[in-house]
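In: Please find the sequence and the predicted model below.
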Amino acid sequence: MTRATSHLLFILLLVVGVAAAGAHDDAAVRRTLEEFAGFPASDDGEGPSAAFRVDAEGLQRQIDELASFSDSPAPSVTRVLYSDKDVQARRYIKGIMNQLGLAVREDAVGNIFGRWEGSEAELGAVGTGSHVDAIPFSGKYDGVVGVLGALEAISLLKRSGFQPKRSLEVIMFTSEEPTRFGISCLGSRLMAGIEELTQSLRNVVDNQNVSFLDAAESAGYKMDPEDLRSVFLNKDSYSAFVELHIEQGPILEKEGIPIGIVTAIAAPASITVEFEGNGGHAGAVLMPARNDAGLAAAELALAVEKHVLESGSIDTVGTVGILQLHPGAINSIPSKSHLEIDVRDIDEKRRNDVIEKVRRSATEISKNRGVVLSEFKIINQDPPALSGKSVVDAMEFAAKQLNLEYKKMISRAYHDSLFMARVSPMGMIFIPCYKGYSHKPKEYASPEDMSNGVKVLALTMAKLSLD
Ligand code: GLV
Ligand code: MN
Ligand code: MN
């Protein structure tokens, strides 16, 4: 038997076992298997296939343990880049990677890679992974399912006796969330080779005036600014990248569909705005004499909503998630305001039109209210990303073999996959998220849905590894 044939036989056995275990062992599945494998499917449910079971309890236990590294009380999770809790979470992930026998490395900014070397290690690897940083007061599944779930998928393939041809690699990306430095997908953005980011990371500070480089050093990642470029990936490092993630919206749960196959990721943008006025005493300065930076911010927040709704598309969304007033006293007219605005759309031009309207409104409001528009800064204005056909095909193949209903869908949230798409064909597997809750303590994914996601991921990676 040639190596390729034995690989195909492995997937076949894997899938036959799964189909049998799921009591879906029907003729249609058999036919698909035979078409894929090119030879008759075996009736034998023994061998590697018998071990194709997700350790759902173990995965849940790991998710719960990871959630305990948090700067806010349970059930909420707060884990911010390079904080002590983030460092503890990193140690935890590296520990599991080591236990699984993966070769672990970290790059200059702390993207963590766990590699299972394939028989043809010189070929581009199949990558998977996500993030474990968590925005303030969020839940325990966002990103985490894509890291711990990917490690369980690797473990499952190992337990099943799978031998990868292309190496399989799990990545824990640094700072998908923009919480600390305002830069989303920091690790994957840098991996994608975005030159300007190496400049902004030299100068950026957090709200305590701690620089990115100092924060990184405090977490054990001491670097020269020149080292930032070493994070860039070679274009042929990965033949495919596939990320498992909770949907974060309500569609899969509402429609009762266990798997989402992402065909595109919407285009995100973020903007910071600052207004400055004279401030003054809340009792003594009469209304006609005021130039209130707080009211300018309030008016701009409403303008964001108006411009988003004017787009006429349900796909355009805008959020003012941060609004800070200075000096922040009940009896003091705000002399400074700071807003952070998030605008997204699957249509990049429509998203950009909204940004332009928001810019015009900011200028008008500052004139009308006699405040200074001291900053209007577009932090990022990213294009959308399309999934790669090869990855979508592999995900569909996997879902079909597992007899899992799936829906092709767009990701409205952004993910590290948005940037991995620049260096590799990309795809994402979504699983339902209870009531669509995400970025909230109530965020929940069921063990059964996570197991399904892990199985689809494992089979997708197995297939892509043999391509
Ligand atoms: C990621 O967390 C996003 O905001 O889409
Ligand atoms: Mn998130
Ligand atoms: Mn996420």
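Out: That came in fine, so what should we check first? Ligands and ions are numbered 1, 2, ... in the order given.

In: Let me know how buried Pro383 is, in neighbour terms.
Out: Burial measure for Pro383: 15 neighbouring residues, criterion other CB atoms under 10 Å. Backbone N, C-alpha and C define where each C-beta goes, glycine included.

In: Next: Leu286.
Out: 8.

In: and it, what pLDDT?
Out: pLDDT, Leu286: 98.

In: Nearest to ligand 1 within the stretch 151-300 of the chain, name that residue for me.
Out: Glu177 (5.6 Å; CB to the nearest ligand atom).

In: Do I have it right that that residue meets Ile135?
Out: Yes. Counting by CB atoms under 8 Å, Glu177 does reach Ile135; the two are 4.9 Å apart.

In: more crowded one of the two?
Out: Neighbours per residue (other CB under 10 Å) separate Glu177 from Ile135, with Glu177 holding more: 22 against 19.

In: isn't there a strand covering that one?
Out: No. Glu177: not assigned to a strand; according to DSSP: H, G, I helix; E, B strand; the rest coil it is coil.

In: Spit out the contact partners of it.
Out: Glu177 makes contacts with Val80, Leu81, His131, Asp133, Ala134, Ile135, Ser184, as judged by CB atoms under 8 Å, 6 or more residues apart in numbering.

In: And for the last one, the neighbour number?
Out: For Ser184, the count of nearby residues is 23 (other CB under 10 Å).

In: Quick one: residues contacting the closest residue to it other than its chain neighbours.
Out: Once flanking residues are discounted, Ser184 sits nearest to Pro178: 4.1 Å by CB to CB, 6 or more residues apart in numbering. By CB under 8 Å, 6+ apart, Pro178 lies in contact with Ser184, Leu186, Ser270, Ile379.

In: which two from these end up farthest apart in space?
Out: With distances taken as CB to CB, the most widely separated pair in those is Leu186 and Ser270, at 12.7 Å.

In: tell me which parts of the stretch 101-250 of the chain are close to ligand 3?
Out: Taking CB under 5 Å from the ion as the criterion, the neighbours of ligand 3 within the stretch 101-250 of the chain are Asp142, Gly143.

In: of all the residues in the stretch 101-250 of the chain, which ones are close to ligand 1?
Out: Glu177 (CB under 6 Å from any ligand atom).

In: What are the boundaries of the strands in the stretch 101-250 of the chain?
Out: Using DSSP state E, counting those that start in this stretch, the strands of the stretch 101-250 of the chain run over 103-106, 112-116, 125-131, 134-138, 168-173, 238-246.

In: Give me the residues contacting the fifth one.
Out: Judged by CB under 8 Å, 6+ apart, the contacts made with strand 168-173 from elsewhere in the structure are 90, 93, 97, 102, 111-116, 118, 125-132, 147, 150-151, 154, 157, 185, 187-188, 191, 238, 416, 461, 465.

In: cutoff 6 Å now
Out: 93, 111-116, 125-129, 131, 147, 150-151, 187-188, 416, 461, 465 (CB atoms under 6 Å, 6 or more residues apart in numbering).

In: just the third one next, same as before
Out: Defining contact as CB under 6 Å, 6+ apart, one finds that strand 125-131 is touched by 143, 146-147, 150, 166-173, 176, 238, 240-243, 245, 461, 464-465.

In: Report pLDDT for the closest residue in space to Phe232 that isn't next to it in sequence.
Out: Sequence neighbours aside, Gly193 is the residue nearest to Phe232 in space, at 4.1 Å (criterion: CB to CB, 6+ apart). Looking at Gly193, its pLDDT stands at 97.

In: next one: the one 10 residues further on
Out: In the predicted model, Asn203 carries a pLDDT score of 95.

In: Distance of the residue nearest to it when sequence neighbours are not counted relative to Ala362?
Out: Nearest non-adjacent residue to Asn203, counting by CB to CB, 6+ apart: Ser211, 7.7 Å away. Ser211 sits 28 Å away from Ala362, going by CB to CB, to the nearest Å.

In: more crowded one of these two?
Out: Ala362 (24 against 15).

In: Toward the C-terminus, what is the element adjacent to the strand or helix carrying that one?
Out: Element membership of Ala362, judged by DSSP states H and E, is helix 348-369. Next along the chain after helix 348-369, taking DSSP H and E as the criterion, comes strand 372-381.

In: May I see the buried residues of that next one?
Out: Val372, Leu373, Phe376, Ile379, Asn380 (16 or more other CB atoms under 10 Å).

In: Okay, now the sheet partners of the helix or strand immediately after that strand in the chain, with direction.
Out: Remark: after strand 372-381, the chain's next helix or strand is strand 385-386, criterion DSSP H and E. Applying DSSP bridges, strand 385-386 is found paired with strand 259-265 (antiparallel).

In: The strand it pairs with near ligand 3 anywhere?
Out: No. For strand 259-265, no contact with ligand 3 is found by CB under 5 Å from the ion; the gap never falls below 11.4 Å.

In: Using CSV, write out every CA atom in that strand.
Out: Extracted C-alpha coordinates of strand 259-265, given in CSV (Å, rounded to 0.1, in the frame of the first residue of the first chain):
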residue,chain,number,x,y,z
ILE,A,259,-21.9,24.2,12.2
GLY,A,260,-21.2,27.4,10.3
ILE,A,261,-18.7,27.5,7.5
VAL,A,262,-17.4,31.0,7.1
THR,A,263,-17.0,32.3,3.5
ALA,A,264,-16.0,35.8,4.4
ILE,A,265,-15.1,38.1,7.3
